[in-house]
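> using only what follows, build the 3D model:
(chains A and B)
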Amino acid sequence: VTPVLRVQTPGLLTTVQDLGRPNAISAGVQSGGAMDRFAHSAANLLVGNDPGLATLECTLIGPSLVAEHACLIAFAGAELDPHINGAPAPMWTGVLLGEGDRLTFGPERDGARMYIAVAGGVEADRWLGSLSTNLMAARGGMRGQPLRSGDVIAIAGEPKIPAVAGRSLAQQLRPDYSDHILHAIPGPHVKRLTPEGRALLFGAPFNVSRDADRMGYRLDGPRLVTSGDELLSFGLVSGAVQVSHNGQPIILMADHQTAGGYPVVATVVSAALPIAAQLLPGDELRFEEMTIERARKMRDGLAAALDTLRSAGP
Amino acid sequence: MPAPRSTPRLRIQPLGDTALLAELGTRLDTALNTRAIALAAALKKRRDVRHAIAGYASVTVHFDPNQATHDSLAAAIKRLAAKRPPMEEPGRLHRIPVTYDGPDFVDVAARLDLSPEKIIELHTKPIYRVFMVGFVPGWAYLGPLAEELELPRRDVPRTQVAAGSVAIAGRQSGIYPLPTPGGWHLIGRTSVKLFLPDSDPPCLFRAGDRVKFFATQA
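Prediction:
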């Protein structure tokens, strides 16, 4: 365990995340993990890590960090304007930090969440099989809490390959986070909507409300009226679009409750969850109905983009 | 050879592109719940299933889309659901003290037109079954609740409910293990800890356990 980065200011909400703890769902513990799995995985691959290693998920305002030890890092996801020693640093690219180098973030921001991967993987508390920070249970990550000033980030293991800076994800393979279309498959309870309600769901613009966090986003916009008896609670998934009794749709995100009883009228496809992860309160979005087959192609496209980063060379 | 048991109410529908929901029925029913738990256990053994979560009368199945499709998994679920579930051992019995002074207690009494004493009597009388552990860490869905106490969930869920709150909704009861959002009616509170983060599994109740409430003074 080598200390590599010292936290000077923690940013707005910076947490350690990996791919979550799905085996704890049966105890009611949220699966959690990185909100934008594509950016998290890409950041890891850019520094030669397995995609399952932990990264730092930075929300809106990144942390300022000082390198205590030379290390290879990468930024992926939202453009939070990273700088190294005052000079702009590239996104989606492996970058070497020398001892004493300072990492800061400027004011030019686009999107919500950026991931910082470090070659060797971020070390943190392991809880129920994952390093992900569970803020509700206050477990995993850095003492179950967001990063704080003075924290020291260590790497979990030796970097797998010789540290090679400059590996980069091709421009055309980077997600277009500005396209706020959320492709979704009709949900198990879509028939509880009226035909008009269904047309609104897959057509009307919605806005992310102020009530939006890692658990989910309540949406402002048209209310959706559902009919039928109370549902018995059932297991939920990330991307599920629930409709509460007042008709407000809620998109469930990474730290969503594991079960619930509100109708699920649609589920955002897995390949569109990175787009959803980058939405901020006030952002407008639309749901677009998608078939399972199209969703598979979209998913394969993201997997192929990550595969371009698995080769040995930069 | 006996014919496989029919499952006329089995509905299998996609929950996005990497999961599906298999609903065995729509009733709050111990036999259905036993079958859901058995089906989830059988599905977990499959290599193409990442995890399977039993609900009251359903199973949510997360699968590996590189090994299975909705159609291939739906066919497997139909086969497994037709099998007779194994005999279930009686679950452990937990006795839980409750102070009946929740923020919705008076409102619930008014809406149901019942006296406070009657609400306490009806809530403490049954031995509840733990139908499902889920929602948030350590939460257990308990039932069936007395018909006389049945109310729909709140129209607008609270954004924060205190840990230890004892709540009812529909034919169900439950205890909020952590401060979380919630849409149920809060009738009381308990000091018993349901979420045990340093244990594995990190929760007091498991699906199939039994729970008895008794009233205590504040």
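
> what lies in contact with the worst-scoring helix or strand of chain B on mean pLDDT?
In chain B, the helix or strand scored least confidently by mean pLDDT, DSSP states H and E is strand B:180-182, which has a mean of 85. By Cβ atoms under 8 Å, 6 or more residues apart in numbering or on different chains, the surrounding residues in contact with strand B:180-182 are A:Met136, A:Met215, A:Gln257, B:Val136, B:Pro157, B:Arg158, B:Thr159, B:Gln160, B:Val161, B:Ser165, B:Ala167, B:Tyr176. Every C-beta, even on glycine, is put in place using the N, C-alpha and C of the backbone.

> also stretch A:96-110?
A:5, A:11, A:58, A:60-73, A:78-86, A:88-89, A:163, A:165, A:177-178.

> among the residues you listed, which are in strands?
Using DSSP state E, the subset of those located in strands is A:5, A:58, A:64-67, A:71-73, A:78-79, A:82-84, A:88.

> narrow these to just the buried residues.
Using 16 or more other Cβ atoms under 10 Å in any protein chain shown as the burial test, the ones in strands among the contacts of stretch A:96-110 include A:5, A:58, A:64-67, A:71-73, A:78-79, A:82, A:84 as buried.

> got those residues as CSV, with pLDDT columns?
Output for those, formatted as CSV (pLDDT from 0 to 100):
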residue, pLDDT
A:Leu5, 97
A:Cys58, 98
A:Ser64, 97
A:Leu65, 98
A:Val66, 98
A:Ala67, 97
A:Cys71, 92
A:Leu72, 95
A:Ile73, 96
A:Ala78, 97
A:Glu79, 96
A:Pro82, 97
A:Ile84, 97
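
> just the closest of those residues to chain B, please.
Using Cβ to the nearest Cβ, A:Ala78 comes nearest to chain B of these, at 23.2 Å.

> check the spacing between the residue nearest to that closest one when sequence neighbours are not counted and B:Gly16 real quick.
Computed as Cβ to Cβ, 6 or more residues apart in numbering or on different chains, the closest residue to A:Ala78 that is not its neighbour in sequence is A:Gly111, at 2.7 Å. According to Cβ to Cβ, to the nearest Å, A:Gly111 and B:Gly16 sit 23 Å apart.

> which one of the two has more residues nearby?
B:Gly16 (26 against 21; other Cβ atoms under 10 Å in any protein chain shown).

> pretty sure the more buried one is touching A:Val241, no?
No: B:Gly16 is not in contact with A:Val241 according to Cβ atoms under 8 Å; the separation is 10.0 Å.

> overlap in contacts, those two.
In contact with both B:Gly16 and A:Val241: A:Ala184, A:Thr267, A:Val268, using Cβ under 8 Å, 6+ apart.

> avg pLDDT for the helix of greatest length in chain A?
What stands out as the longest helix in chain A, according to DSSP state H, is helix A:292-307. Mean per-residue pLDDT for helix A:292-307: 96.

> where in the chain is pLDDT low?
Let's take chain A. Applying pLDDT under 70 to chain A flags the ranges A:160-163, A:311-314.

> other chain: chain B
B:1-8, B:218.

> show me what contacts residue 152?
This is for chain A. By Cβ under 8 Å, 6+ apart, the contact list for A:Val152 reads A:Pro3, A:Leu5, A:Arg6, A:Val7, A:Glu68.

> my question was about chain B
A:Glu230, A:His245, B:Ala169, B:Gly170.

> next: A:Gly221.
Counting by Cβ under 8 Å, 6+ apart, A:Gly221 has contacts A:Ala204, A:Pro205, A:Phe206, A:Asn207, A:Pro249.

> show the buried residues in those residues.
A:Phe206, A:Asn207, A:Pro249.

> can you map out the helices along the chain?
Picked chain A for this. Under DSSP H, chain A gives helices at A:37-46, A:195-201, A:273-277, A:292-307.

> wrong one, I was asking about chain B
Going by DSSP H, chain B shows helices at B:30-44, B:70-81, B:105-112, B:116-124.

> ok, which of the ones you listed comes nearest A:Leu128?
helix B:30-44 (16.5 Å; Cβ to Cβ).

> who are the packing partners of the closest one?
For helix B:30-44, the elements it packs on are strand B:49-54, strand B:58-63, helix B:70-81, strand B:128-133, judged by 3 or more Cβ pairs under 8 Å, 6 or more residues apart in numbering or on different chains; DSSP states H and E.
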